[in-house]
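>>> predicted coordinates and the sequence they were generated for:
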Amino acid sequence: MTYGKQIFLTAAAVVLLAFVPVFAEASVVDKITTLFIYMLLATTWNLMAGYAGLVSVGQQAFFGLGGYFALRLVDGGFSAYPALLAGAVGAAFMAWVASFYLLRLKEGEFAIGTWVFAEVIRIFVMLDPLIQGETGTSLIALNAVDPELRRSIAYWFTLASLAGMALAMSVMLHSHVGMAARAIGDDDEAAASLGVRVLRTRQAIFVLASLGAALAGVAWLGSAITYLPRSNFGVQWSVVMLFMVLVGGLRSGPGPYVGAFILFALQEFIGHLGAWYLGGLGAAAAFCALFLPQGLWSVMHSIWTKTFHRKSSRRFITALTKRTTS
Amino acid sequence: MIEALISGLLLGGFYAILAAGLSMMFGVMKIINLAHGDLAILGAYGVIALTTRTEMSPWLSLCIVLPVMALLGVLLQRWLFARTLRAGILLPLLVTFGLGAVLQNGLYGVFGSEAQSLSNSLGDLAWENWQLPGGIIVGKLPVITFAIAVLVLTGLQFMLSFTKLGRSIRAASSDAEAAALCGMDAHRVHQAAAAIAVVLAGLAGTLLAMQATVSPYGGPTLLIQAFEAVVIGGIGSLWGTLIGGIILGIAQSMGALWDPQGFQLAGHLLFFVVLGARLWRQHRHQIGRPSLSTLFKLRLKKVRRA
């Protein structure tokens, strides 16, 4: 499939999906919104870990911060929906500022550094009287909107964010940034010695990925309305992102979507098990990292090609052997 | 104020035990075990469960749990960490983070969300204290913890300096390939290091449960604090972890004077400042400029000449 064809098909799918709230039940719309939020988190985390080699355990910082900025803006007189969007952009700006420091940390230091950063942001947010510490608050302004409309807007907002991020990521990965990122992912020191601007490239990727996390955060706030610092800044978001990306397939385009879908299905069926379910996610992620480094997507893909393209692959192999023997 | 200083200092001992294990694993295997804090909590829960079931002294059950923790360390190394070592730098982080999630939620599933403590089984020791001149009160338990920390670090230092295992551990941390070429059994050294690290984590967790409470999701905080102590004290130095722990503890108790949230916040901010200063020095070094301390010395010389 060519690049243009891919974009055309994705755009067609997005337009079709936009009509879902018109005919689907309320609970279905809510669930698909959750699925889209998971997809947003998974794809952006994959962009960082898969393409730039940045294992962050602190993306919840931007997830929570987007919501906090939106609440602050609404408190300052903004209307709710522009505030949500502005909150996400504000969080991405904070990611840009923080990136000058955080991206100089290496591997494990970076992982724990981002985690500590998320904790610091959470503590500062909890010190704000508006949030009322542990109690949290809610986006009361949204209660004025008709619930039916609110649900649809949350859905469209998440869909638009997901599509926008997918487009931005694909444009980025097809540009010189993507090429540089691939070089860095293989060996950052070698890339730097060849003249790749490592910090700039990582910065672009980090800020874009953080924008994705922030969009997911404000979408979450827009559909849940309540804001609890402990859960919005919770490290469980990182567990979930790790699971989706590792199970779906690190460094692959469709992998994170598959992972998000699996997470969503698991939550539907065994989510009521609570802690055991979350522990199982951690175990599955570790298992996939060890034994299925390419993720389930590549397994599915290879089974697909084996069953349906056997002839063509056989032809390919005979052509290859002919060429090597002659 | 002085009381906060002293309690911060004593807290440093606890951090040192926790951080020494993390530092040991990082030194030998070059992995940061993101489940270190959760292993500490696991050890604490092991001691709590044994103490409440059998009604024996917590110290005695600690003596039973620690060998089990050592075995757990060996098994984790053999089955999990050894596999991650072969493939790059990302894998150990991802796998230990997953392990942490398993431990946290497993403990939650078995013991429930309630915070638990060993202070009830300690009898009078839990609240006994010494009165210093000037009306300063120092709890006996924090002092004992600090003494244990010094003892443990001294023991580790002796082991590293004078035993065969210690020599191999030092060799593995300075140059693993050269050590392997000299006939060192890397697997055994790694297993020993993992066992020591997990035992230290279990000890630290139990000491925490004696002084305060532990809860299933408390591991990440412990990991962060241990890492902060390691970074503040300087990576790869045993006594550095004690100094880092003490500085971290003092900063935290000073922060707590300002606001209950300040306890964690002060530690985090100090960590970022120390790490930032180190990065800044590296940066100056890389671009070929003298470090700030050298600049300061040069300036002093100029002033003296003038």
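Arrived safely. Residues are numbered from 1 along each chain as shown, chains lettered A, B, ... in the order given.
>>> for my notes, confirm B:Trp130 occurs in a strand.
Yes. Under DSSP: H, G, I helix; E, B strand; the rest coil, B:Trp130 sits within a strand.
>>> which residues touch it?
Shown in contact with B:Trp130 (C-beta atoms under 8 Å, 6 or more residues apart in numbering or on different chains): B:Ile137, B:Val138, B:Lys140, B:Val143. Using the backbone N, CA and C atoms, a C-beta is placed for each residue, glycine as well.
>>> ranges for the strands of chain B?
B:129-132, B:136-139 (DSSP state E).
>>> tell me which of those strands sits most buried.
With neighbours taken as mean count of other C-beta atoms under 10 Å in any protein chain shown, the strands of chain B reach their highest mean count in strand B:136-139, at a mean of 14.
>>> what's in contact with that one?
B:Ile2, B:Glu3, B:Ile6, B:Ser7, B:Leu10, B:Trp127, B:Glu128, B:Asn129, B:Trp130, B:Gln131, B:Leu132, B:Gln211.
>>> could you measure from the fifth one over to chain A?
Put plainly, it is B:Leu10. According to C-beta to the nearest C-beta, to the nearest Å, B:Leu10 and chain A sit 23 Å apart.
>>> so for chain A, the centremost residue is which one?
A:Leu41 (2.0 Å; C-alpha atoms, centre = their mean).
>>> okay, and that one sits in which element?
helix A:26-46 (DSSP states H and E).
>>> may I see the buried residues of that helix?
A:29-30, A:32-46 (16 or more other C-beta atoms under 10 Å in any protein chain shown).
>>> can you tell if that helix touches chain B?
No. Counting by C-beta under 8 Å from any C-beta of the partner chain, chain B has no neighbours in helix A:26-46; the shortest distance is 11.4 Å.
>>> check which element follows that helix along the chain.
Next along from helix A:26-46, by DSSP H and E: helix A:52.
>>> residue ranges with poor pLDDT in the stretch 201-326 of chain A?
A:309-326 (pLDDT under 70).
>>> I'd say B:Val152 and B:Ala20 touch.
Yes. Counting by C-beta atoms under 8 Å, B:Ala20 is a contact partner of B:Val152 at 7.3 Å.
>>> and chain A, what are its domains?
The record's domain parsing of chain A by automatic domain parsing lists A:3-234, A:236-326.
>>> ok, the last one near chain B or not?
Yes. For a cut-off given as C-beta under 8 Å from any C-beta, domain A:236-326 has contacts with chain B, namely A:238-239, A:242, A:246, A:274-287, A:289-290, A:293.
>>> what's the end-to-end length of stretch A:280-300?
Start and end residues of stretch A:280-300 are separated by 22 Å (C-alpha to C-alpha, to the nearest Å).
>>> just list the residues touching the nearest residue in space to B:Gly245 that is not next to it in sequence, thanks.
Leaving out its chain neighbours, the residue that sits closest to B:Gly245 by C-beta to C-beta, 6 or more residues apart in numbering or on different chains is B:Tyr15, at 3.2 Å. Contacts here follow C-beta under 8 Å, 6+ apart; on that basis B:Tyr15 touches B:Gln225, B:Ala226, B:Ala229, B:Thr241, B:Gly244, B:Gly245, B:Ile246, B:Leu248, B:Gly249.
>>> also A:Leu162?
So A:Leu162 contacts A:Phe36, A:Met39, A:Leu40, A:Thr43 (C-beta under 8 Å, 6+ apart).
>>> dump these to JSON lines, plus pLDDT and distance to B:Cys63.
JSON lines is the format used below for these (pLDDT from 0 to 100; distance: C-beta to C-beta, whole Å):
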{"residue": "A:Phe36", "pLDDT": "94", "distance to B:Cys63": "53"}
{"residue": "A:Met39", "pLDDT": "95", "distance to B:Cys63": "51"}
{"residue": "A:Leu40", "pLDDT": "94", "distance to B:Cys63": "50"}
{"residue": "A:Thr43", "pLDDT": "94", "distance to B:Cys63": "50"}
